[in-house]
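**Student:** Need a 3D model of the sequence below.
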Amino acid sequence: MKKNIYLDHASTTPTDPRVVKAMEPYWTKYYGNPSSLYQLGLQSKNAITLARVKISQLLDCQADELIFTGGGTESINLALKGVLQKNPGAHFITSSIEHHAVLHTADTLKKLGHSVSILPVDDQGFIRLEDIEKAIKDNTKLISIMIANNEIGVIQDIQKIGALIEKINRERIAKGLPIIYFHTDACQAGGTLDLNVKKLHVDLLTINGSKVYGPKGVGALYMKTGTNLGPIIDGGGQEKNIRSGTENVPGIVGLATALELAHQSQTKENARLIKLRDKLIKEILAIIPKTRLNGHPSQRLPNNVNISILDIEGEAMLLYLDEIGIQASTGSACTSTTLDPSHVIRALGCPYEVAHGSMRFTLGKATTEDDIDYVIKHLPKIVDHLRHASPVRVDMDEVAKAIKNAPRQIIEL
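**Tutor:** Okay, the predicted model is just below:
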């Protein structure tokens, strides 16, 4: 029987059966429109209220500071466009390794008349505080930095960045300048990191269901009280007139249940995943020559392994792995249908050849040590086969030199 080892949990996760069970009554039994005043509608409304309370307790915020959306991408768009539509011609700051939901939105904001600054990262993917300070202008209104990267798993010090922005805001108020809102994309961090919004010092935070063993197509935006944000969808005025459209009651129930379950097992599961992650990293780097770990060795998500294997194409390796029952990804799964090299790996300063050979293995609740051993056993054979057929021969010293000398300036759009 063919193996089935799923190592692409950063792309999406299977829905936990307990989540499915919690959602089930709201498909056919409690199916009323939450805006309706009769009992069937009130049951749906109560389910949303309870879900909102559960999630607010996990984030340490008020229940009415949560807006439910149709996923992480919509939540990000709502945060960024919602703030900046209230501030014509304002300045927006983000980083070069954000998800395309942020970077493509930044392109749109530029077309709408806003100015945009893209911060560089160092060779491990970290943003420098001094670059944030340097990028800020008098008309800066919003900064968006992801807490954990979807490709290389690097975890930014959002708490320190948020504290810096609060300090800068106090100085701006004294000068009569507008305050700056701080948004973080926490989609990859929902099941593994502490998302206490008070500790993080954020005004806006995005989460979704599909990365935490919850349903796809549902997410939420934390919006701190007092944040001036307008809707990007017009309609019936649901979600405090911020996100119109009949609420996805089963999805919202599923999102709350998934986050609650993830929080309950977080410490124990993180420790288990870190052990497996570190074993896979150590063995690949030791057994396969001309390999490079992308991101920091420890300040990364517990389940994330991203390694560039030189002299081969990641897409070819992906197909060979799939033939033996291993599902992984090359770069970001959201762009796996294109052959463009990962913008995240390139932002580290890596040459195109390094980006093209990047492989991402993201572990999950069902991943076992036997699965890791299976990958370690078979991956070197695939690499040998592909390298034998490849005309590419990348010099590791030249790669190191290119990364060291890579330009790391703030880009102004």
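**Student:** nearest spatial neighbour of Gly72, skipping sequence neighbours?
**Tutor:** Distances taken as C-beta to C-beta, 6 or more residues apart in numbering place Asn208 nearest to Gly72, at 3.5 Å, with adjacent residues excluded. Heads up, the C-betas are built off the backbone N, CA and C, glycines and all.
**Student:** ok, and for the lowest-mean-pLDDT helix or strand in the chain, which residues are buried?
**Tutor:** Ranked by mean pLDDT, DSSP states H and E, the helix or strand of the chain with the weakest confidence is helix 352-356, at a mean of 90. Neighbour counts over helix 352-356 (16 or more other C-beta atoms under 10 Å) mark 353-356 as buried.
**Student:** after it, next one along is what?
**Tutor:** With elements assigned by DSSP states H and E, the helix or strand that comes after helix 352-356 is strand 358-362.
**Student:** from the chain's centre, how far out does the helix or strand Pro250 falls within sit?
**Tutor:** Pro250 is part of helix 249-287 when elements are defined by DSSP H and E. How far helix 249-287 lies from its chain's middle: 14 Å, per C-alpha atoms, centre = their mean, to the nearest Å.
**Student:** Just the strands from the chain, written as ranges.
**Tutor:** Secondary structure of the chain (DSSP state E): strands at 5-6, 66-69, 91-95, 115-119, 140-144, 181-185, 204-208, 219-223, 291-293, 304-309, 326-327, 358-362, 411-412.
**Student:** what lines up beside the fifth one in the sheet?
**Tutor:** When pairs are called by DSSP bridges, strand 140-144 turns out to pair with strand 91-95 (parallel), strand 181-185 (parallel).
**Student:** average pLDDT across that strand?
**Tutor:** For strand 140-144, the mean pLDDT works out to 98.
**Student:** pull the CA atoms of it into CSV?
**Tutor:** Taking Å, rounded to 0.1, in the frame of the first residue of the first chain, the C-alpha atoms of strand 140-144 are listed here in CSV:
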residue,chain,number,x,y,z
THR,A,140,2.6,57.0,8.0
LYS,A,141,-0.7,55.4,9.1
LEU,A,142,-0.2,51.6,9.0
ILE,A,143,2.5,49.1,9.5
SER,A,144,1.9,45.4,8.8
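**Student:** for it, which positions count as buried?
**Tutor:** Neighbour counts over strand 140-144 (16+ other C-beta under 10 Å) mark 140-144 as buried.
**Student:** Tell me the one among those residues nearest to Arg393.
**Tutor:** Nearest to Arg393 out of the buried residues of strand 140-144 is Ser144 (C-beta to C-beta; 39.7 Å).
**Student:** Distance check, the closest one against Gly70.
**Tutor:** For Ser144, the distance to Gly70 equals 19 Å [C-beta to C-beta, to the nearest Å].
**Student:** Same question for Lys224.
**Tutor:** Lys224 is 21 Å from Gly70, by C-beta to C-beta.
**Student:** Next: Gly236.
**Tutor:** Relative to Gly70, and taking C-beta to C-beta, Gly236 is found at 15 Å.
**Student:** which of those two has more neighbours?
**Tutor:** The neighbour comparison of Gly236 against Gly70 (other C-beta atoms under 10 Å) goes to Gly70, with 19 against 11.
**Student:** What is the burial count for the nearest residue to the more buried one once chain neighbours are set aside?
**Tutor:** Excluding the flanking residues, the one nearest Gly70 by C-beta to C-beta, 6+ apart is Gly217, at 5.8 Å. Look at Gly217: counted by other C-beta under 10 Å, it has 15 neighbours.
**Student:** wait, doesn't Gly217 sit right on Gly254?
**Tutor:** No. Taking C-beta atoms under 8 Å as the definition, Gly217 is not a contact partner of Gly254, at 9.9 Å.
**Student:** residues shared between the contacts of these two?
**Tutor:** Jointly contacting Gly217 and Gly254 under the rule C-beta atoms under 8 Å, 6 or more residues apart in numbering are Gly209.
**Student:** Could you pull up the contacting residues of the residue nearest to Gly72?
**Tutor:** Residues near Asn208 by C-beta under 8 Å, 6+ apart: 71-72, 75, 187, 190, 214, 218-220, 255.
**Student:** and the nearest residue to Pro14 once chain neighbours are set aside, how many neighbours?
**Tutor:** Using C-beta to C-beta, 6+ apart and skipping residues adjacent in sequence, the residue nearest Pro14 is Tyr213, 6.6 Å away. A count of nearby residues for Tyr213, using other C-beta under 10 Å, gives 26.
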